[in-house]
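Asks: Fold the following for me, if possible:
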Amino acid sequence: MSTKSAADACFSIPEIVLLIATFIDPSFIKTLSYLSKTNRCTYLSLEQERSRMISCRIENVPSLSLFADRQLLRHESFPCRLLEIIGERGVHSDAYDSLASILNHIGESQTLDAFAYRCLSRSLEFVCVHPEIWNALRASSTTLRSLNIMSHPCNWLSLSTIEFTELRSLQLALSVSSSPSECRNFIASPAHIVLSFNVPRFLQKMQHLTNLVLILPHSMIGMLNMRNLFLPALIAIDIFGDIAPVGLTEFVTHHSELLRLHLCFYSLIQSPIQEQHLPKLRSLKFGVELMEKDRTYTSLIRARRPHLEHISIYDLRSFRFLGNFIEPFQHQLLRLDLKSADYENLIVDNLRRPLESFVALIEISVTIGGPPIPPKSGARYSTLKSNAELQAYLRSFVVCTSLKALHLHNPSTLPLRNSDLQNLRHVPPSLQYISWGNRLGTTTFRIVRDSASQSTHAEVCEIPPPPREIVHDWTSENTFRHALDLY
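Replies: As a prediction, this is how the structure comes out:
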């Protein structure tokens, strides 16, 4: 008779731990370390699994190189699929040799699917990368499907010579700030000339690209001409900066297969996007302030778009006039995202009227930005206030009979528990999940309806996070579509 216990016979402990690990943020080092000590087999399995998706600060790259060497000794390969390097302003020459060595090892395995070299914040800080890094990345140029780069002009000449012919998703932030004195990558031409001339040629080689995110500074946008750029597989465009590139409207409208669009510029776009353009558009993101001053955005939301099912609106100052932006799509909209930084002027009850005729809505998110407002009274009062805010949203959304998931985030609220969500009233009839976020984190609740007592309450539940993506996709925010069959 086998000496295995019943648990060992029925379950694979390493598989269970690996499943648990999928719910843990990679930055929780202590938690992952604790799990890896379950047994040696779990340690080896978890170590190898985590080596496939790595996010590392530039100063820790030498340690990562030692880890890669151990993996090579144990498994004769370093099968990393995703590598993200978080850089800092300045030069890190001691880490460049180590990173080049890592990329060379991964290039030999031909496993790298996604690579990022970016700053911790979204600001366009200077990130200097030695040409040796891009030369090492060249070996993976045909396996890469996703690339996220914050590039300074001193890096551009080395990077732009690589042909990423199989790339599907690209996020490119371009800086034209002057190089610091310690930069060793000399460029003879002015930065804006180098970037403006090479960017379209660099992109044109990516004939399989489907998702393009461009972050462009003021000093080069006016010189970047996108009029003749055509990417046949492109279905998603997300471009923002201060001044729109030359030929932006032509670039957008030439791509009639577009499904997702977000344009954000603080100057007028030269020519509007007409009603007949973008006939297949499904997801649209825009800011209220931009829409009010630029007829390009007005024509986008007023045109008849029979396939549009997701709208994301930011810079909202009031819910009262929400219907002006979404009314044409009341019979087809499935998802609606609302974002505002002006919490004091938002009246939740004003949401009910604009949404009462939206018969297809399945997911709604409301995100309040800005710094948290400290509670004026004790914790008990603040919890009651948070509960009252949730009830106000439920009361407003009760008219949305098809609503299944509600995502709410306000940094000034407090966490809620099961005991706070008993005997819920005015719950939308189809609602299944509530995501409640604040400055301390986010909790997901499952709606439970008790037919015997005719009451409704909520219970905490776990839903795995969406798959890690190197390139930003705004449609993957505030949704359970990756884990639940809501549609």
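
Asks: need the contact list for the residue nearest to residue 487 when sequence neighbours are not counted.
Replies: Closest residue in space to residue 487, ignoring its immediate chain neighbours: residue 362 at 6.2 Å, by C-beta to C-beta, 6 or more residues apart in numbering. Where you see a C-beta, it was placed from the backbone N, CA and C, and this is true even at glycine. For residue 362, the contact set (C-beta atoms under 8 Å, 6 or more residues apart in numbering) comprises 334, 335, 402, 403, 404, 405, 486, 487.

Asks: With residue 280 instead?
Replies: 256, 257, 258, 259, 307.

Asks: so of those residues, which ones are in strands?
Replies: Nothing among these maps onto strands, per DSSP state E.

Asks: filter those residues to the buried ones?
Replies: By neighbour count, with 16 or more other C-beta atoms under 10 Å, the contacts of residue 280 hold 258, 259 as buried.

Asks: Would you reformat the contacts of residue 280 as TSV and include pLDDT?
Replies: As requested, the contacts of residue 280 are exported to TSV (pLDDT from 0 to 100):
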residue	pLDDT
256	93
257	96
258	96
259	97
307	94
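
Asks: What is the nearest of the contacts of residue 280 to residue 233?
Replies: Proximity of those to residue 233 (C-beta to C-beta) peaks at residue 257, which lies at 8.1 Å.

Asks: what sits against that closest one?
Replies: 234, 235, 280.

Asks: In terms of secondary structure, what does the longest helix seen in the chain contact?
Replies: Ordering each helix of the chain by length in residues (DSSP state H) puts helix 379-397 first. Where contact means 3 or more C-beta pairs under 8 Å, 6 or more residues apart in numbering; DSSP states H and E, helix 379-397 is packed against helix 352-355, strand 405-409, strand 433-438.

Asks: closest one to residue 385 among these?
Replies: Closest approach to residue 385 among the helices and strands packed on helix 379-397 is made by strand 433-438 (11.9 Å; C-beta to C-beta).

Asks: what angle do that closest one and helix 379-397 make?
Replies: Between strand 433-438 and helix 379-397, the angle comes out at 140 degrees (axes from the mean of the first three to the mean of the last three C-alpha atoms, to 10 degrees).

Asks: helix or strand right after strand 433-438?
Replies: Scanning forward in sequence from strand 433-438 by DSSP states H and E, the next helix or strand is strand 441-450.

Asks: What pairs with the next helix or strand after that next one, parallel or antiparallel?
Replies: For strand 441-450, the following helix or strand on the C-terminal side (DSSP H and E) is strand 455-461. Partners of strand 455-461 in the sheet, by DSSP bridges, are strand 441-450 (antiparallel).

Asks: What segments of the stretch 101-250 of the chain are strands?
Replies: Counting by DSSP state E, counting those that start in this stretch, the segments of the stretch 101-250 of the chain that form strands are 114-119, 146-151, 169-174, 211-215, 236-241.

Asks: how about low-confidence regions in the stretch 301-450 of the chain?
Replies: Counting by pLDDT under 70, the ranges of the stretch 301-450 of the chain that qualify are 343-344, 371-381.

Asks: Let's have the helices and strands packed on helix 379-397 in TSV, adding distance to residue 263 and mean neighbour count.
Replies: As requested, these are arranged in TSV below (distance: least, C-beta to C-beta, whole Å; neighbours: other C-beta atoms under 10 Å):
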stretch	distance to residue 263	mean neighbour count
helix 352-355	24	18
strand 405-409	24	22
strand 433-438	27	21
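
Asks: possible to save the ones you listed as CSV with distance to residue 300?
Replies: Listed next are the helices and strands packed on helix 379-397 as CSV, based on distance: least, C-beta to C-beta, whole Å:
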stretch, distance to residue 300
helix 352-355, 19
strand 405-409, 24
strand 433-438, 28
